[in-house]
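In: can you look at this prediction? I've put the sequence above it.
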Amino acid sequence: MYDEDYQYIEVIFEKVLDSFDENLQAIIYNRDKNLELLRKSVHKIKPSFGFVGLPIVQEKCQDFETKCQIATSVNELDTDFAALLKSLQEAKAIIAEEYGRLKSFNQTN
Amino acid sequence: MSLSCIIIEDLPVAAEYLKRCCEKSGMIEVVAHCVTIKDAINSLRKNKVDLIFLDVEMPEGRGFDVLDKIEYSSKVILTTSKTEYAYSAFEYNVTDFLKKPFTYERFMEAIKKATATPIEPPKEDIEEDHVFIKSDGQLIRLKNDDILYIESMGDYVRFVGQEKNILSLIQLKTWKQKSIPASS
C-alpha cells in the first residue's frame, strides 16, 4: 500500500494514533447509550486497523458490529464488549510501539 | 487528463490515504475534504467536480444523504469497510466501491472505470405514465394519474396521492430538474 515509503507510513501511524483515544472513548461512552450508536462508533474505528497492518483487529470490529445488529440489548454483548475493548487496547499498544520504531528508523535514515 | 474530486470521509487516516492516492495518480486534484454531511453538501453546491469519494457511514447519517440533497453529475466512488450497500450503490448509479483499506492498484481501477464511461447524472426516471420516488430507502413507483399534487417542504417533497402520501428527501427544484424533460 505504501511502497515502502517509511516517512509516509509514519504519517499513517501518527494519524491513526491521533484519533485513536477519541474513537475509543466514543465506543466506551456509547456502550451506555444504545446498540446502534455503539455499532457506529466501532464501525468508525474499524478501518484504521487495516491501514496499520492489523486486519485481524478490523475483523474483530466487524464481528462485533454484526453482533450489535443481531442483539436486542447492549447487556447481551457484555462479554464480547470486554473482549473487543481488550483487543483495541492491545492494538493501540502495538501501533504506538511500531510508530516509535518508525520514527527512530526515519530519524536515522 | 486532469480530474477534480471531493473527498467525503470522517476518518482522518482514510482521507489521508485517499489524498495520497490522488496525488500519486498525477491526474486527480482534491478540491475539498469534508468530514460531515453538511460540509459535503455545501462544498458540492459550490464546486462542480468530476469525482466524489464518498464514505457511506458518516456520524450524522449515510453518505447517500449527500447525493439526495445535491444535483450532481460527478462520478461517485464509494469508500467503505462494509460491502452491504450494493443495492444503494446501484440505485445511486455509483461507479465503483472501494473497501477500506484498498491498494493503490485497486484505486486506479476505480479511476479507470470512472473515466471510461461518460459522466451523466443519475436518473429518477419519469417514464410515460409513472414516476419513481425515493422514500425511506425504497424506490416507489407511482402512477402519474395517482398523484393529486406535489408539495415542497424545504428539503423534502410530499407526493399527495389518491390512496397514500409519500415523503421524499429531495428538494422540489432538484426533483423537477431530474424528472421533467427540458422540452416540457
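Out: Received the coordinates, thanks. Everything numeric in this text was worked out from a predicted model, so none of it was measured.
In: for the residue most central in space within chain A, pull up the helix or strand it's in.
Out: In chain A, the residue lying closest to the centroid (CA atoms, centre = their mean) is A:Ile45, at 4.8 Å. Per DSSP states H and E: A:Ile45 is located in helix A:35-51.
In: run through the helices of chain B in chain order.
Out: For chain B, the helices defined by DSSP state H occupy B:12-25, B:37-46, B:64-69, B:86-91, B:104-116, B:172-179.
In: check which residues of the second one are buried.
Out: Spelled out, that is helix B:37-46. For helix B:37-46, burial by neighbour count (16 or more other CB atoms under 10 Å in any protein chain shown) applies to B:Ile37, B:Ala40, B:Ile41, B:Ser43, B:Leu44. C-beta coordinates here come from the backbone N, C-alpha and C atoms, glycine included.
In: among these, which one sits closest to B:Ala15?
Out: B:Ala40 (12.1 Å; CB to CB).
In: pretty sure that closest one is touching B:Val66, no?
Out: Yes: here B:Ala40 reaches B:Val66: they are 4.7 Å apart, a contact under CB atoms under 8 Å.
In: what sits in contact with each of the two?
Out: Here B:Ala40 and B:Val66 share the contacting residues B:Ile8, scored by CB atoms under 8 Å, 6 or more residues apart in numbering or on different chains.
In: any idea how far A:Phe13 is from B:Glu57?
Out: 23 Å (CB to CB, to the nearest Å).
In: quick one: low-confidence parts of the chain?
Out: You didn't say which chain, so I picked chain A. Residues of chain A meeting the criterion pLDDT under 70: none.
In: right idea, wrong chain: chain B
Out: When residues are selected by pLDDT under 70, those of chain B lie in B:1, B:117-128, B:137, B:177-184.
In: quickly list the domain ranges of chain B.
Out: Following automatic domain parsing, chain B resolves into domains at B:3-115, B:123-179.
In: distance of A:Tyr8 relative to A:Leu102?
Out: Distance from A:Tyr8 to A:Leu102, by CB to CB: 10 Å.
In: go on, A:Asn30?
Out: When distance is defined by CB to CB, A:Asn30 is 31 Å away from A:Leu102.
In: again, but for B:Lys113
Out: Counting by CB to CB - B:Lys113 and A:Leu102 are separated by 34 Å.
In: compare those two (neighbour count), which wins?
Out: When B:Lys113 and A:Leu102 are compared for neighbours, A:Leu102 comes out ahead with 18 against 13, by other CB atoms under 10 Å in any protein chain shown.
In: tell me which helix or strand the more buried one sits in.
Out: helix A:78-108.
In: that helix packs against which elements?
Out: helix A:6-31, helix A:35-51, helix A:55-70 (3 or more CB pairs under 8 Å, 6 or more residues apart in numbering or on different chains; DSSP states H and E).
In: residues in contact with the last one?
Out: The set of residues external to helix A:55-70 that reach it, using CB under 8 Å, 6+ apart, is A:35-36, A:38-39, A:42-43, A:45-47, A:49-50, A:77, A:80-81, A:83-84, A:87-88, A:91, B:81-82.
In: switch the cut-off to 6 Å
Out: Helix A:55-70 is contacted by residues A:35, A:38-39, A:42-43, A:46, A:49-50, A:77, A:80, A:84, A:87, A:91 when judged by CB atoms under 6 Å, 6 or more residues apart in numbering or on different chains.
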